[in-house]
Each structure stands twice: as structure tokens, then as C-alpha cells.
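S.K.: Any chance you can model this:
(one chain, ligands or ions: 1)
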Amino acid sequence: MNPTETPHPVRLDVQLGRLRLANPIAVASGTFGYAREMAGLVDLARLGAILPKTITQEPRPGNPPPRTVETACGMLNSIGLDNDGIEAFIAEKLPYLASLAPATIVSIAGRTQDEFTRMAARMDAVPGVDALELNVSCPNVTGGVDFGTDPDSCRRVVAGVRDACSLPVLAKLTPNVTNVVAIAQAAEQGGADALSLVNTCLGMAVDWRRRRPILGNVLGGLSGPAIKPIAIRIVYQVAAAVDIPLMGIGGIANINDVMEFLVAGATAVQIGTANFYNPTVSVKILDALPDALARLGATCVADVVGTITKQ
Ligand SMILES: Cc1cc2nc3c(=O)[nH]c(=O)nc-3n(C[C@H](O)[C@H](O)[C@H](O)COP(=O)(O)O)c2cc1C
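M.R.: Numbers count the residues shown, from 1 in each chain. Here you go, the predicted model:
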């Protein structure tokens with residue numbers, strides 16, 4: 001028996017603006033390849049959504065190695081959006097993703113507002129894409145982070161994409177700002193269907209014996225359990241300030257983490273770093289979700305979203 005069905009009378013489907021997911025458990029961009037790599041390990045059909053690695057207009061070689069380093073309760077990466085470009089993605093990766101049951105949310109990153117718009121229009125023209133996630137928050141490429149740190153630029157990018165295509169649009173925001181609420185509100189004003197919160201936290205690791213940075217690109221993005229409190233704080237703050245749904249991302253590794261994000265204000269979640277050391281984590285979380293929701297007396301996911309109260 002599939003544990004997500006009877007005997008639990010709990011509905012798992014969620015609505016993110018115009019995008020409907022069969023359940024709220026998704027895998028985060030850059031941590032699940034293009035899904036085919038994971039097919040032997042994970043029952044992909046069970047996932048609510050798959051977010052493949054961010055694509056750019058042109059191929060990118062990414063940053064010099066080393067590109068990852070383990071840290072206390074997390075990891076730093078400076079991959080630098082290594083990808084083969086949008087046309088290779090459409091030809092070689094998208095058909096497989098489109099053949100799977102989960103929603104395919106394609107993550108795109110433009111160097112300019114115009115490039116974001118053109119990429120969105122291109123993705124709109126091919127079958128198999130369920131939504132776009134705008135990566136305005138990658139800390140590992142120059143330029144990319146700017147759209148996510150300035151409210152006006154963020155609003156313009158989202159509005160441009162919204163006008164250029166008919167797909168649901170999610171904006172993925174960076175935690176590396178003073179006032180993330182202002183950026184979130186700008187994305188909402190631009191017409192985002194939902195917000196993905198958050199990308200990695202800018203960090204650095206040092207090899208003191210050699211007196212050198214460990215990462216080839218010097219700085220990198222911190223992810224994993226170390227950033228969970230930051231991500232939950234941002235979900236909580238943004239949920240109080242916008243009317244669009246949120247996907248929580250950051251350090252999720254088990255069912256308790258997911259429930260914390262939902263209660264704090266997320267409608268769905270994305271699992272990232274945990275995929276690297278436990279590829280089946282998403283499915284295990286999904287198995288545990290109906291019981292966890294039922295423990296709060298919920299009959300659907302929305303019953304618990306944002307229900308946190310101050311003591
Ligand atoms: C190795 C690695 C590569 C990543 N690549 C991307 C990417 O291409 N696009 C993106 O939006 N986020 C990328 N991320 C960020 C994750 O999608 C996620 O937002 C972040 O890691 C926080 O979630 P986590 O703590 O569960 O990993 C990457 C993260 C890691 C660890």
C-alpha cells in the first residue's frame with residue numbers, strides 16, 4: 001500500500017499560484033542533477049516537483065575547482081552555474097523530465113533582464129515545462145545576485161518574464177540581503193505566482209596552513225542544516241508580508257524540518273543538500289507526511305500552513 005494514500009484521509013496536493021503539485025515535496029535546483037541521474041535510486045514519480053540545475057542562455061563552464069567543501073552541519077559550493085545552455089537543455093534533458101509524473105519547474109538565470117525574458121519565452125514555446133523558477137539569487141556568478149538584492153530590479157525581471165510567457169513563475173530569493181521582505185514584496189508586485197525561499201548563504205572556508213581560501217572561487221554558498229534557522233526565519237517574515245505562497249528551502253533533512261517550514265508559512269518545500277548524502281530522503285519524508293499532518297488534526301496541507309502562533 002502506498003503510505004500517501006489510505007488509511008490517512010489527508011490530501012497532499014498543494015496550489016502555488018497557477019501551479020498545482022500532487023504533494024509539497026520537491027527537490028531543489030542543483031542538488032538533483034537533471035533527474036535521470038537519480039532514477040535508479042529514487043522513485044521519481046512520488047515527488048511533487050523536480051527542479052533541474054539552473055540553466056543559462058549560453059553554456060557556462062562554471063567556476064575553477066575546488067567547487068565544494070564540507071562545513072559544520074553543511075557545505076559550501078561555488079559551482080558557478082555550470083551548464084550546457086538552454087538549447088542543449090531543451091534537446092537533451094527536458095524530454096526525460098517531461099516524461100515524469102512530477103511537475104518540472106525549470107530554473108533559469110539571465111545575465112540581463114532581457115535575457116531572462118527571452119529565456120522565459122523560449123521555455124514557454126516547448127512542451128513539458130510546468131513552471132519557471134527565476135534564479136535571481138545565485139551567489140556564485142557576478143551579476144546574477146543583483147536582481148535579487150535590489151527590489152526594483154527584481155520586480156522588473158519578474159514582470160518581464162510574467163509578460164513574456166504563460167507559465168507560472170516562481171522567484172527564488174537570496175538570504176544575502178538586509179531586507180528580504182522588500183525583495184519578496186517586489187517579486188509579488190512583479191507578478192510572481194510564488195516565492196522560493198531561499199538560495200544559499202554567502203560564505204567562505206580557509207586553509208590556514210596554506211593561508212589560502214579553500215574554494216577556487218574564494219567565496220561560496222552555504223547550504224544544509226546550518227542554514228535552516230535562517231531559511232525558516234525568512235519564510236516566517238515573508239509569509240507575514242505577502243499574499244502569494246512560499247516554497248521553503250534550506251537545510252531540510254527530515255519530516256520535522258518540513259513540518260517546521262509548513263507551520264512557519266511555507267506551502268511546499270524543496271530538499272537540497274540532503275539529496276547528496278541521502279538520495280531517498282524526499283520519498284521517506286513523503287511517507288511520513290500524512291501522519292505528521294494528521295497529528296495536527298489537518299485534512300490537507302493548507303490546514304497547517306502558517307499556523308504558527310507566538311506564545
Ligand atoms: C552543489 C549545489 C548546487 C546548487 N546549484 C543551484 C542552482 O543551480 N540553482 C539554484 O537556484 N540553486 C542552487 N543551489 C541551491 C539549492 O537549490 C538550495 O537553495 C540551497 O542549497 C539551500 O537548500 P539546502 O540547504 O537544502 O541545500 C545549489 C546548492 C548546492 C549545494
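S.K.: What's the end-to-end length of stretch 261-275?
M.R.: 18 Å (Cα to Cα, to the nearest Å).
S.K.: Is it positioned near the ligand?
M.R.: Yes: residues of stretch 261-275 are located near the ligand by Cβ under 6 Å from any ligand atom, namely Ile271, Gly272, Thr273, Ala274. The way it works is simple: take the backbone N, C-alpha and C, and place the C-beta from them, glycine included.
S.K.: among those, which two are most distant?
M.R.: Between any two of the residues of stretch 261-275 next to the ligand, the greatest separation by Cβ to Cβ is 8.2 Å, found for Ile271 and Thr273.
S.K.: Overlap in contacts, these two.
M.R.: Thr31 (Cβ atoms under 8 Å, 6 or more residues apart in numbering).
S.K.: Of the residues of stretch 261-275 next to the ligand, which belong to helices?
M.R.: Judged by DSSP state H, these include Ala274 as members of helices.
S.K.: Generate a PyMOL selection restricted to the buried entries among the residues of stretch 261-275 next to the ligand.
M.R.: Selecting only the buried entries of the residues of stretch 261-275 next to the ligand in PyMOL, with 16 or more other Cβ atoms under 10 Å as the criterion:
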select buried, resi 271+272+273+274
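S.K.: of the residues of stretch 261-275 next to the ligand, closest to Val180?
M.R.: Distances from Val180 to the residues of stretch 261-275 next to the ligand, taken by Cβ to Cβ, are shortest for Gly272, at 18.1 Å.
S.K.: Find the nearest non-adjacent residue to that closest one, please.
M.R.: Ala28 (3.7 Å; Cβ to Cβ, 6 or more residues apart in numbering).
S.K.: mind listing what the closest residue to Pro24 other than its chain neighbours touches?
M.R.: Excluding its sequence neighbours, the residue lying closest to Pro24 (Cβ to Cβ, 6+ apart) is Ala268, at 3.6 Å. When the contact criterion is Cβ under 8 Å, 6+ apart, the partners of Ala268 are Val14, Leu16, Leu21, Pro24, Ile25, Ala26, Gly48, Ala49, Pro245, Met247, Gly248, Val301.
S.K.: Counting neighbours, which of the residues you listed comes out on top?
M.R.: Highest neighbour count within the contacts of Ala268: Gly248, with 31 neighbours (other Cβ atoms under 10 Å).
S.K.: my guess is that residue meets Ile232, correct?
M.R.: Yes: the pair Gly248 and Ile232 qualifies as a contact (Cβ atoms under 8 Å) at a distance of 7.2 Å.
S.K.: Give the residues shared as contacts by the two.
M.R.: Residues touching both Gly248 and Ile232 (Cβ under 8 Å, 6+ apart) are Phe261, Ala264.
S.K.: how about Gln15, secondary structure?
M.R.: strand (DSSP: H, G, I helix; E, B strand; the rest coil).
S.K.: which residues pair with it across the strands?
M.R.: Beta-bridge partners recorded for Gln15 (DSSP bridges): Arg20.
S.K.: what's the span of stretch 24-40, first residue to last?
M.R.: 22 Å.
S.K.: per-residue confidence averaged over that stretch?
M.R.: Averaged over stretch 24-40, pLDDT sits at 97.
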